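>>> This is the structure alone, sequence omitted:
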C-alpha cells in the first residue's frame, strides 16, 4: 500500500484552452461536463461591466446565454443587468436565499502572461473578481471559468479599457457555447440514467 499516495490531497482540476484551437468548443464542453453536478441547481454568475472593454467578458457571456434559455441553469450578469463590484455581494446573497445548495459557476475576465492571452481557464474553486485591479471582493463559484483578455503587470485599469473587443467577443462565444452544450450533455445523461433505472425496476416487478 502506498501511504504517500493516500495521504496526498487531490489536486484541484485546472484546464486551459486557446480560443483559436480547432476543438476548443468540444474541449470546454467535455471538461465542463465532468464538473457539473447532476442534482443541484446550476447558477452562472457572470461578473464584469460593459463600461470597460476588457471587463465586459462576463456580461457578454451572460447575454449570450440569456439568448439560449435553458431549464438547466439560471444566469446572473448580462449587459443589461451586470453583476459588478457595487452589487456583487447583494446578488450573491440573493442567489443563496433563492436556491437550495446552488452549484455556482463564476465567470470573469482576467489578465495574464502575454503567452496566455486568448486562453479560457476552467477549474475547481471560485473566481476572484477584481484581483487584476487590486480590488477586495468576495470569491464566487464552486468552479470558475475565466478568459485571459490582456497582459497583466502594468496599469491594469488602462489595459482593460484598451483591450480589443474582437478578442473578448471570441472568448465569450467559446465560454457561452461550452456552457450551453455541456448543460445539454448533463441533461441527456440524467435522462439516460432515469430510463435505465426505470427499465431495471420494471424487470424486478
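That came in fine, so what should we check first? Given the structure is predicted, the values throughout are model-derived calculations rather than measurements.
>>> show me the residues around the residue lying closest to residue 128 once chain neighbours are set aside that make contact.
The spatially closest residue to residue 128, leaving aside those adjacent along the chain, is residue 139, at 5.2 Å (C-beta to C-beta, 6 or more residues apart in numbering). In short, each C-beta sits where N, CA and C put it, glycine included. Taking C-beta atoms under 8 Å, 6 or more residues apart in numbering as the contact definition, residue 139 lies against 106, 125, 126, 127, 128, 129.
>>> Buried ones among those residues?
When neighbours are counted using 16 or more other C-beta atoms under 10 Å, those contain these buried positions: 106, 126, 127, 128, 129.
>>> any idea how far the second one is from residue 66?
To tie it back to what came earlier, the one meant is residue 126. Distance from residue 126 to residue 66, counting by C-beta to C-beta, to the nearest Å: 23 Å.
>>> now swap in residue 106 and tell me
Taking C-beta to C-beta as the measure, residue 106 falls 17 Å from residue 66.
>>> Check residue 43 too.
Distance check for residue 43 against residue 66: by C-beta to C-beta, it reads 14 Å.
>>> which neighbours do the two share?
Joint contacts of residue 43 and residue 66 (C-beta under 8 Å, 6+ apart) are residue 75.
>>> between these two, who's got more neighbours?
Set side by side, residue 43 and residue 66 give different neighbour counts by other C-beta atoms under 10 Å, the larger being at residue 43 (21 against 16).
>>> For that one, give me phi and psi.
Residue 43 adopts backbone torsions of phi -120, psi 130, taken as degrees, to the nearest 10.
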